[in-house]
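Participant: Structure for this input, please:
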Amino acid sequence: MEITPLNIAIIVLVVAGIWAIVELAMTLRSARKTLDEASNTVEELQPIISKVDGMVDELEPALKQVDPLLERTNTAIDAVTVDLMRVDSILGEVESVAGTAHNVTNSVSGVVDKVASAATNAVAGVASKIGGGDSGVTAALEGAASGAADDTADKSQGQKNYYTYPSQPATPAEDKATPAETGAKPEAAAAPASDAQGE
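Facilitator: Predicted structure coming up:
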């Protein structure tokens, strides 16, 4: 047999055809294995999918309850906000009552100090009349009255001052000095008492 180009082409085509059929068979065999593995995987996943479906079915009633729960939560938050506003207004009122009480306390303290000062001046006047112008007792009582008046002024300004006593007490000779010895007039000693009574 003679080899012609046509015979060579036919031989090449037959070999190529056989090779294509073998490749196709191998591809189909591997595809079949892949499909079998996929089928096995789906069968293994089937119980898991059924469990997930059951869980979703169980969650549906709970999901239906979430919306009313959120609405109740919003209502509770609104109620807490209203209560906080009330507490804020109550605290404002308490603050104003505390301020008023502070002002009343200062006023009462001032009145008490004025009354104490007037009483001290009155006692000083009586003591000067009884003691015959005893300047030591009168000076001590008037010093106490002026100290009370100073304390009242300091309290109204929010300052604290302390009364300081003289470093040396008066001698007995100075306490018993008569108005004639001190050069004071008897009417001058009685003047503070009349001023205190006028108040």
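Participant: Point out where this structure drops to low pLDDT.
Facilitator: Per-residue confidence for the chain (pLDDT under 70) gives these ranges: 1, 131-199.
Participant: Counting by contacts, list what the longest helix seen in it packs against.
Facilitator: Secondary structure assigned by DSSP state H gives helix 5-130 as the longest helix of the chain. For helix 5-130, the helices and strands in contact under the criterion 3 or more CB pairs under 8 Å, 6 or more residues apart in numbering; DSSP states H and E are helix 135-157, helix 186-198. C-betas here are computed from N, CA, C, even on glycine.
Participant: gap between residue 97 and residue 103?
Facilitator: Computed as CB to CB, to the nearest Å, the residue 97 to residue 103 distance reads 11 Å.
Participant: Residue 38 too?
Facilitator: When CB to CB is applied, the distance between residue 38 and residue 103 equals 90 Å.
Participant: With residue 12 instead?
Facilitator: From residue 12 across to residue 103, the span is 120 Å (CB to CB).
Participant: Kindly report the same for residue 5.
Facilitator: Per CB to CB, residue 5 is found 128 Å from residue 103.
Participant: Those two: which has the busier surroundings?
Facilitator: For residue 5 versus residue 103, neighbours defined as other CB atoms under 10 Å are more numerous around residue 103 (10 against 7).
Participant: And that one, how far from residue 2?
Facilitator: Using CB to CB, we find residue 103 at a distance of 137 Å from residue 2.
Participant: try residue 64
Facilitator: Look at residue 64 and residue 2: by CB to CB, they are 89 Å apart.
Participant: neighbour-wise, which of the two wins?
Facilitator: Comparing residue 64 with residue 2 by other CB under 10 Å, the one with more neighbours is residue 64, at 9 against 4.
Participant: helix, strand or coil for residue 3?
Facilitator: coil (DSSP: H, G, I helix; E, B strand; the rest coil).
Participant: Compute the distance between it and residue 12, please.
Facilitator: Residue 3 sits 12 Å away from residue 12 when distances are taken as CB to CB.
Participant: Could you do residue 24 as well?
Facilitator: When CB to CB is applied, the distance between residue 24 and residue 12 equals 18 Å.
Participant: Over to residue 97?
Facilitator: 113 Å.
Participant: for residue 86, same thing?
Facilitator: Residue 86 sits 100 Å away from residue 12, going by CB to CB.
Participant: Same check on residue 43?
Facilitator: Shown here: residue 43 relative to residue 12, a distance of 47 Å by CB to CB.
Participant: Phi and psi next, for residue 3.
Facilitator: Dihedral angles phi and psi of residue 3 (degrees, to the nearest 10) take the values phi -100, psi 110.
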